[in-house]
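J.: My questions concern the predicted model and sequence given below.
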Amino acid sequence: MMTTSSLTELSLTQAREGLAKKDFTATELTKAYLAVMNEKRELNAYITETPELALEQAKASDERLSSGKAGKLEGIPLAIKDLFCTKGIRTTAGSKMLDNFIPPYESTVTQNLWNAGAVMLGKVNMDEFAMGSSNLNSAYGPVINPWHRTDAPTKKLVPGGSSGGSVTAVAAHMALGATASDTGGSIRQPAAFCGLVGIKPTYGLCSRRGMVAFASSLDQAGPVARTVRDAALLTEVMASYDPWDSTSANVEIPDYLANISKDVRTLRVGLPREYCENLSSEMAHLLQQGVDWLKAAGATIQEVSLPTTPYALPTYYVIAPAEASSNLAKYDGLRYGLRVPGKSLDEMYENTRREGFGSEVRRRILIGTYVLSVGYYDAYYLKAQKVRTLISQDFDRVFGDVDVLLTPTTPTEAFAIDEKPTDPVTMYLNDIFTVTVNLAALPGMSIPVGLSKTGLPLGLQLIGPRFSEQRLFNTALALEEAAEFEQQVKLLRKVA
Amino acid sequence: MELTAKQVMQVAALSRIKIAEEELSGLSQELSGILHWIDQLAKVDVTGVENYTDYQPQSLSEREDVVTDGNNVDAILANAPEKAHNMFSVPKVVE
């Protein structure tokens, strides 16, 4: 029997082995996580905790484990981003608009997890409707990054966003893994800010059914986890072909974990020139380390060019708000969610949407409505559609010469809650390295590989062609083993 | 592109979002800033470039057009802010 605190130190794949060997039970594992959730409630990672359901599910898992009917994630306690609909359990999407919304159905991604035996600890915090890079846009308050700056240990830092609750829950050991979603960087940027592995799979790999929509041509679900192997297993279970999502990809899902290999000897790695310009010296050094590690493992490195990159963010800030303004039109106070009365039907709509949406969501709806309106549609929306094609073609061209691309995940380390930029465009620049991947429907993954001078985690991003997830996991494993991030953290904590 | 206070009011009306008079100037400044930043797209030459929807390789799959469920009135109305006689209730729209 292990102690409670040692149980939450295990990675997901280690915990799975422990459960299979009957070193501990799913109920013991779940109770250990529920205890940490109690201790660290001030981080505000969870919007809704579901301890009773978790213990009920853990008990059922223990029965299946002892009768030899264990699923791939049997007894594994997870946190679910609060935009995956969970039947009978409140799903807010971080918005006051959905404060009382109880979905009558289950999202495909979470159903896949429960079918594999996973245990739900609760629903985690996020930027409202997944719009943000700091988790400061949540109607349920900011989430606090469990990491601290060595030079200012009392300063509260953002965990990144929009999946801020997901990463904080996993980094603070309040869950073994978590679901997240990524429209412009919302899995990868917070994973980098919290020292975790996060993957946005190829568009269509995970079903969008039951995932509250932000921008449907960009939204994609994926996991955050503590190790590459954990992320590989979670991705495999979350992914599936779903006839209920018309953009779901009908492809075979490989057994990523069983096939994983750190052998990168024949791998051709591209360094996109446009991602290397104007980097901080710290980020440039980190990227060089990544190059050196992959070279030492036998990969070849070459510089490539993706010339449309500088236009990716403005393209995104036309397409994403345009789709959001259309998707969020359904929040009208009629069928579900908030209703604020008015003298007429129109006034009821206007009052409801004013009260229900926070300022960033309102801002994006206004921008989206404007770029889709008569007279501006061609200049903004159609233009952005075409630039999106150019961005996609840039990638198609370089993937003729290289197998994966290596870039930083973010321009900087996590910033403090009181250092939030007041100008929205400055905040949008957080996604400068991640947003191209969504526009081109590609898989992208962030791996923690180093620490900043202030002792905060930094990540590198791998980008591959469509459906090259296995290659990303393999390359990420090579980086993970070379970087020894866990060792770096242990050393830092000893010195600090 | 500058958005005037009047244009902000129009966009807000189209978006069905109530905007208070005192917010107008701040909002028009903020939205103009974002649009000005987006305007750099004008520099990209897109002559002969397809729309992304035509370029991207994935086609939309179709389901057979058949009834697959029904008789879920309770589930459909479960989250209704106001309901009456198994229907959603709304403010009066016909004078």
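T.: Structure received.

J.: what about the strands in chain B?
T.: B:83-84, B:87-88 (DSSP state E).

J.: thought residue A:467 was touching residue A:251?
T.: Yes: contact status for residue A:467 versus residue A:251: in contact at 5.9 Å, counting by CB atoms under 8 Å. For every residue, glycine as well, the C-beta is placed using N, CA and C.

J.: what touches both of those two?
T.: residue A:205 (CB atoms under 8 Å, 6 or more residues apart in numbering or on different chains).

J.: the more surrounded of those two?
T.: Between residue A:467 and residue A:251, counting by other CB atoms under 10 Å in any protein chain shown, residue A:467 is the more crowded of the two (18 against 13).

J.: Can you tell me how far residue B:14 is from residue A:370?
T.: Separation of residue B:14 from residue A:370 (CB to CB, to the nearest Å): 8 Å.

J.: Show me which of the two is the more surrounded one.
T.: residue A:370 (28 against 15).

J.: How about the contacts made by the residue sitting nearest the centre point of chain B?
T.: Residue closest to the average C-alpha location in chain B (CA atoms, centre = their mean): residue B:15, at 6.8 Å. When contacts are counted by CB under 8 Å, 6+ apart, residue B:15 touches A:325, A:353, A:362, A:365, A:366, A:369.

J.: What's the first helix or strand after the helix or strand harbouring the last one?
T.: Here residue A:369 is covered by helix A:359-371, with elements defined by DSSP states H and E. Sequence-wise, the next helix or strand downstream of helix A:359-371 (DSSP H and E) is helix A:383-398.

J.: which helices and strands sit right next to that next one?
T.: Contact partners of helix A:383-398 among helices and strands, from 3 or more CB pairs under 8 Å, 6 or more residues apart in numbering or on different chains; DSSP states H and E: helix A:312-327, helix A:435-439, helix B:52-55.

J.: Can you give me the buried ones in that helix?
T.: Neighbour counts over helix A:383-398 (16 or more other CB atoms under 10 Å in any protein chain shown) mark A:383-395, A:398 as buried.

J.: Average pLDDT for stretch A:97-116, rounded please.
T.: Mean pLDDT, stretch A:97-116: 98.

J.: who are the neighbours in contact with the residue lying closest to the residue nearest to the centre of chain B once chain neighbours are set aside?
T.: Closest residue in space to residue B:15, ignoring its immediate chain neighbours: residue A:369 at 4.5 Å, by CB to CB, 6 or more residues apart in numbering or on different chains. By CB under 8 Å, 6+ apart, the residues touching residue A:369 are A:325, B:11, B:14, B:15.

J.: Let's see which of the residues you listed end up in helices.
T.: Judged by DSSP state H, the contacts of residue A:369 include A:325, B:11, B:14, B:15 as members of helices.

J.: and which of the residues you listed is nearest to residue A:415?
T.: residue A:325 (28.5 Å; CB to CB).

J.: Skip the chain neighbours and tell me the closest residue to that closest one.
T.: residue A:368 (3.0 Å).

J.: Could you tell me which ranges of the chain sit under the pLDDT cut-off?
T.: Answering for chain A, as no chain was given. A:1-5, A:496 (pLDDT under 70).

J.: I was after chain B.
T.: Across chain B (using pLDDT under 70), the flagged ranges come out as B:95.

J.: Could I get the full set of helices for it?
T.: Going by DSSP H, chain B shows helices at B:5-15, B:24-38, B:52-55, B:73-77.

J.: how much space between the nearest residue to residue A:359 once chain neighbours are set aside and residue A:427?
T.: Excluding the flanking residues, the one nearest residue A:359 by CB to CB, 6+ apart is residue A:137, at 8.0 Å. Distance, residue A:137 to residue A:427, by CB to CB: 9 Å.

J.: So for those two, which residue has more residues nearby?
T.: Taking neighbours as other CB under 10 Å, residue A:137 and residue A:427 compare with residue A:137 leading, 24 against 19.

J.: thought the more buried one was touching residue A:93?
T.: No: with contacts counted by CB under 8 Å, residue A:137 stays clear of residue A:93, the gap being 11.2 Å.

J.: which residues are in contact with both of the two?
T.: Residues touching both residue A:137 and residue A:93 (CB under 8 Å, 6+ apart): residue A:128.

J.: what's the neighbour count on residue B:36?
T.: With other CB under 10 Å as criterion, residue B:36 counts 13.

J.: Surely it touches residue B:29?
T.: No: applying CB under 8 Å, one finds residue B:36 not in contact with residue B:29, separated by 10.4 Å.

J.: residue farthest from the centroid of chain B?
T.: Quick read of chain B (CA atoms, centre = their mean): farthest out is residue B:85, 30.3 Å.

J.: who are the neighbours in contact with that one?
T.: By CB under 8 Å, 6+ apart, residue B:85 lies in contact with nothing.

J.: re the thing from before, for the residue nearest to residue A:359, phi and psi?
T.: The phi/psi pair for residue A:137 (degrees, to the nearest 10) reads phi -90, psi 20.

J.: who touches it in this structure?
T.: By CB under 8 Å, 6+ apart, the neighbours of residue A:137 are A:94, A:127, A:128, A:131, A:161, A:162, A:358, A:359, A:360, A:361.

J.: Can you tell me which of those residues are buried?
T.: The buried subset of these (16+ other CB under 10 Å) comprises A:94, A:127, A:128, A:131, A:161, A:162, A:358, A:360, A:361.

J.: contacting residues for the fifth one?
T.: The reference is to residue A:161. Contacts of residue A:161 by CB under 8 Å, 6+ apart are A:126, A:127, A:132, A:133, A:134, A:135, A:136, A:137, A:186, A:189, A:190.

J.: so what's the first one closest to, chain neighbours aside?
T.: Nearest in space to residue A:126, with sequence neighbours left out and distances taken as CB to CB, 6+ apart, is residue A:94 at 4.3 Å.

J.: go on, the last one?
T.: Ranked by CB to CB, 6+ apart and with sequence neighbours excluded, the top spatial neighbour of residue A:190 is residue A:160, at 3.2 Å.

J.: Which helix or strand contains the one you found?
T.: Using DSSP H and E, residue A:160 maps to neither a helix nor a strand.

J.: That one and chain B, how far apart?
T.: 21 Å (CB to the nearest CB, to the nearest Å).

J.: Would you confirm that that residue contacts residue A:193?
T.: Yes: counting by CB under 8 Å, residue A:160 touches residue A:193, with 3.7 Å between them.

J.: Give the residues shared as contacts by these two.
T.: With CB under 8 Å, 6+ apart as the test, residue A:160 and residue A:193 both reach A:145, A:167, A:410, A:414.

J.: Wasn't the third one part of a strand?
T.: No: read with DSSP: H, G, I helix; E, B strand; the rest coil, residue A:410 is coil and lies in no strand.

J.: what's the burial count for it?
T.: When neighbours are counted by other CB under 10 Å, residue A:410 comes out with 26.

J.: who touches it in this structure?
T.: A:160, A:189, A:192, A:193, A:430, A:433, A:434, A:458, A:459.

J.: So which of those residues sit within helices?
T.: Taking DSSP H, the ones among these that sit in helices are A:189, A:192, A:193.

J.: ok, the residues you listed vs residue A:52, which is closest?
T.: Taking CB to CB as the measure, residue A:52 sits nearest to residue A:193 out of the ones in helices among the contacts of residue A:410, at 31.8 Å.

J.: Dump the helix holding residue A:369 to PDB, restricted to CA.
T.: The C-alpha trace of helix A:359-371 is given here as PDB (Å, rounded to 0.1, in the frame of the first residue of the first chain):
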ATOM      1  CA  SER A 359     -16.500  41.800 -22.400                       C
ATOM      2  CA  GLU A 360     -14.100  39.800 -24.600                       C
ATOM      3  CA  VAL A 361     -16.900  37.600 -25.900                       C
ATOM      4  CA  ARG A 362     -19.000  40.700 -26.700                       C
ATOM      5  CA  ARG A 363     -16.000  42.200 -28.500                       C
ATOM      6  CA  ARG A 364     -15.500  39.200 -30.600                       C
ATOM      7  CA  ILE A 365     -19.200  38.900 -31.600                       C
ATOM      8  CA  LEU A 366     -19.100  42.600 -32.600                       C
ATOM      9  CA  ILE A 367     -16.000  42.100 -34.700                       C
ATOM     10  CA  GLY A 368     -17.400  38.900 -36.300                       C
ATOM     11  CA  THR A 369     -20.700  40.500 -37.100                       C
ATOM     12  CA  TYR A 370     -18.900  43.500 -38.700                       C
ATOM     13  CA  VAL A 371     -16.600  41.400 -40.900                       C
END
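
J.: Good, we can wrap up now.
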